[in-house]
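Novice: need the 3D shape of this:
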Amino acid sequence: MTLEEVLIQKPVERAQCTGKALEEVLLSAKDNNCLTVGVYESAKVMNVDPDNVCFCVLATDEEWECDIALQIHFTLIQSYCFDNDISIVRVNNMQRLAEIVRDKTGQLEDAHCCLIMNSADGSWEDPALEKLHLFCEESRGLNDWVPEITLPKR
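Specialist: Predicted coordinates:
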């Protein structure tokens with residue numbers, strides 16, 4: 001394998017790793033009641049309990065890219081996250097994100113924004129969350145302030 005092939009392959013492997021880590025963290029957070037789903041629900045949590053927010057996921061797809069109101073909400077959420085040192089990523093497959101975060105009844109109206117929270121008693125920690133924070137930190141070093149992650153397919 002040539003150096004060029006290694007350099008080309010590494011970002012793909014990294015993207016796959018971060019996608020798996022994000023899925024793992026979302027499932028773990030959901031199981032531990034540390035996940036808030038929905039733009040409006042997330043905005044409420046950021047207003048009431050901002051210190052417990054540790055990670056933000058924004059999702060969109062082609063159907064919603066032209067929704068001006070949603071883009072304004074995204075801009076405000078991103079700004080809030082930047083101001084409060086909350087790591088933030090985007091995923092480009094809202095349907096897949098909805099599959100991961102929907103509740104036990106299978107209902108979900110809005111998966112455009114997900115917040116991962118610290119547990120109230122501090123007992124929940126996920127090593128994959130640290131990987132995601134490092135990924136975001138590395139991306140910011142490359143001037144990619146809201147990196148995009150591809151979630152693994154089922």
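
Novice: so how far is Asp126 from the most centrally placed residue in the chain?
Specialist: The residue lying closest to the centre of the chain (C-alpha atoms, centre = their mean) is Val57, at 2.4 Å. Val57 sits 14 Å away from Asp126, going by C-beta to C-beta, to the nearest Å. All C-beta spots, glycine's among them, are computed from the backbone N, C-alpha and C.

Novice: specify the local secondary structure of the residue nearest to the centre of the chain.
Specialist: strand (DSSP: H, G, I helix; E, B strand; the rest coil).

Novice: would you confirm that Leu151 contacts Gln16?
Specialist: No - here Leu151 lies out of contact with Gln16, judged by C-beta atoms under 8 Å, at a distance of 10.2 Å.

Novice: which one of those two has more residues nearby?
Specialist: Using other C-beta atoms under 10 Å, the more surrounded residue of Leu151 and Gln16 is Leu151, with 22 against 13.

Novice: beta partners for the residue nearest to the centre of the chain?
Specialist: Beta bridges link Val57 to Val89, Cys114 when assigned by DSSP bridges.

Novice: okay, it: pLDDT?
Specialist: Listed pLDDT for Val57 reads 97.

Novice: check Cys66 too.
Specialist: On pLDDT, Cys66 comes in at 86.

Novice: what of Glu109?
Specialist: 72.

Novice: ok, and the closest non-adjacent residue to it?
Specialist: Spatial nearest neighbour of Glu109, excluding adjacent residues (C-beta to C-beta, 6 or more residues apart in numbering): Gly38 at 7.2 Å.

Novice: that neighbour contacts Leu115, doesn't it?
Specialist: No - applying C-beta under 8 Å as the test, Gly38 and Leu115 come out as separate, 9.3 Å apart.

Novice: neighbour count: those two, which is higher?
Specialist: Ranked by neighbour count (other C-beta under 10 Å), Gly38 and Leu115 place Leu115 first, with 26 against 18.
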